[in-house]
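Asks: Next one to model:
(one chain, ligands or ions: 2)
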Amino acid sequence: MTIKPMNKWGMDLPENTPIIIAGPCSAETEEQTIASCIGAQKAGAHILRAGIWKPRTSPGSFEGIGEEGLVWLRKAKKETGLPTTIEVASAQNVYTALSYGVDILWIGARTTVNPFVVQEIADALQGKDIPVLVKNPINPDVKLWVGAIKRLQNAGLTRIAAIHRGFDTLAQKNIYRNPPNWGLVSEFKKYLPAISIINDPSHIAGKRELLYTVARKALDLKVDGLMIESHITPDKAWSDPAQQVTSDELKHLLDSLLQKNTADHASDSGTALNSWRSEIDLLDNALIDLLAQRKEIVGNISSFKKKNNISIVQFERWKEMILNRLQTGKSQGLNEQLVEGIFDAIHQDSVRFQRKEQEAETDGEARGKGLEAGS
Ligand code: PEP
Ligand code: MN
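Replies: Ligands and ions are numbered 1, 2, ... in the order given. The predicted model follows:
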């Protein structure tokens with residue numbers, strides 16, 4: 001059975017425009033759900049989203065409003081005339097969602113990782129003609145993502161699309177909440193070329209300041225649509241406050257991204273510039289964090305060298321290190337003088353720091369001995 005691209009799902013979507021899914025991370029109250037959905041529509045959304053059951057890391061945090069939220073979402077659908085989509089994480093969620101007339105279901109990143117649950121959802125959908133969006137699994141395993149979609153295809157569904165929401169990373173510091181993996185997305189397309197791909201910059205970025213650059217990149221790579229979280233009062237949101245935007249911000253973002261606002265070029269480039277500057281700020285702070293982590297390790301090395309009577313400056317090690325850094329820098333297209341200058345400065349500071357640490361340790365020992373002698 002073939003997969004139908006998303007713009008052929010009979011939703012009356014404009015040709016050749018990215019499909020926009022927007023709305024709050026979670027339905028919280030009736031007023032917030034309806035107002036956020038109306039705002040999303042005004043900003044240009046074609047489909048409304050809201051989380052009803054939320055997968056949260058710790059019990060006790062807000063785990064979604066549950067079935068009651070489906071009544072509010074149904075009202076929002078009636079008010080706006082737009083289709084709605086929610087996350088389902090079990091067969092029971094599927095039955096409940098369908099009983100309230102939800103139009104599109106999505107499988108969340110924490111569910112895609114589990115073939116048992118995906119199969120349970122696929123079984124619940126057997127013979128039903130409903131579109132389903134499948135978020136990438138949290139770990140970068142393309143076959144798991146493809147496998148989840150195949151399970152839905154095997155259940156007879158033809159309207160299936162994928163959502164790229166970024167991946168968990170082992171790296172300690174990253175400016176993104178869930179870094180994107182554009183290479184994995186193109187690998188995914190090799191397995192399932194007909195399937196539409198939606199980008200979710202909200203869960204990739206984790207911060208509203210980074211939405212523009214992530215979405216820009218996705219659109220440049222010809223993504224079929226965007227899913228962006230928007231909220232009536234983002235800072236007061238019960239889940240994901242830092243990444244949600246107001247409807248005005250959403251409208252401005254979409255106008256800038258889709259170049260609708262041609263009369264207002266200055267503000268378009270203003271959005272881009274602000275977003276790039278925020279990205280630079282976050283990267284610079286990440287560099288400072290890394291330097292602080294490095295300094296801590298230098299402290300351990302310093303004590304070790306003192307205990308074992310090893311001199312602070314090890315010329316061979318320094319030579320080996322700088323050559324390695326220069327090579328790595330070159331492979332990333334960085335200027336040799338820049339890399340050399342930075343590591344020279346880091347190394348000099350490290351030597352200075354070790355000298356100071358060792359002097360302080362020696363002073364401490366001397367004082368200790370003095371006290372013993374005096375007692
Ligand atoms: C969400 O869309 O609110 C959500 C929980 O997404 P994800 O599964 O990508 O974490
Ligand atoms: Mn969210």
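Asks: got the residues of the stretch 151-300 of the chain near ligand 2?
Replies: residue 240 (CB under 5 Å from the ion). Yep, even glycine has a C-beta here, placed from its N, CA and C like the rest.
Asks: Give me the local confidence score for the one residue in the stretch 151-300 of the chain that gets nearest to ligand 2.
Replies: In the stretch 151-300 of the chain, the residue that lies nearest ligand 2 is residue 240 (3.8 Å; CB to the ion). Residue 240 is assigned a predicted lDDT (pLDDT) of 96.
Asks: go on, residue 356?
Replies: Taking residue 356 on its own, its pLDDT is 91.
Asks: okay, now it: neighbour count?
Replies: Neighbours of residue 356 under the rule other CB atoms under 10 Å: 11.
Asks: element containing it?
Replies: Taking DSSP states H and E as the definition, residue 356 sits inside helix 336-374.
Asks: how far does that helix sit from the chain's center?
Replies: Relative to the chain's own centre, helix 336-374 is displaced by 40 Å; criterion: CA atoms, centre = their mean, to the nearest Å.
Asks: Low-confidence stretches in the stretch 201-350 of the chain?
Replies: Applying pLDDT under 70 to the stretch 201-350 of the chain flags residues 260-269.
Asks: Show me what from it comes close to ligand 1.
Replies: Selection of the stretch 201-350 of the chain residues close to ligand 1 by CB under 6 Å from any ligand atom yields residue 203.
Asks: Check which helix or strand the residue in the stretch 201-350 of the chain that ligand 1 sits nearest to maps to.
Replies: With CB to the nearest ligand atom, the shortest gap between the stretch 201-350 of the chain and ligand 1 falls at residue 203, namely 4.3 Å. Assessed by DSSP H and E, residue 203 sits inside helix 201-205.
Asks: circling back to that earlier point, quick one: the closest residue in space to the residue of the stretch 201-350 of the chain closest to ligand 1 that isn't next to it in sequence from residue 366, how far?
Replies: Nearest non-adjacent residue to residue 203, counting by CB to CB, 6 or more residues apart in numbering: residue 165, 4.2 Å away. According to CB to CB, to the nearest Å, residue 165 and residue 366 sit 58 Å apart.
Asks: When the two are compared, which one has more neighbours?
Replies: Neighbour count, other CB under 10 Å: between residue 165 and residue 366, residue 165 has more, with 24 against 10.
Asks: wait, isn't that one in contact with residue 178?
Replies: Yes: at 6.2 Å, residue 165 and residue 178 qualify as touching, with contact defined as CB atoms under 8 Å.
Asks: Kindly point out which residues are neighbours of both of the two.
Replies: 109, 203-204 (CB atoms under 8 Å, 6 or more residues apart in numbering).
Asks: quick one: contacts for the residue of the stretch 101-250 of the chain found nearest ligand 1?
Replies: Nearest to ligand 1 in the stretch 101-250 of the chain, going by CB to the nearest ligand atom, is residue 108, at a distance of 3.1 Å. By CB under 8 Å, 6+ apart, the contact set of residue 108 is 55, 87, 89, 135.
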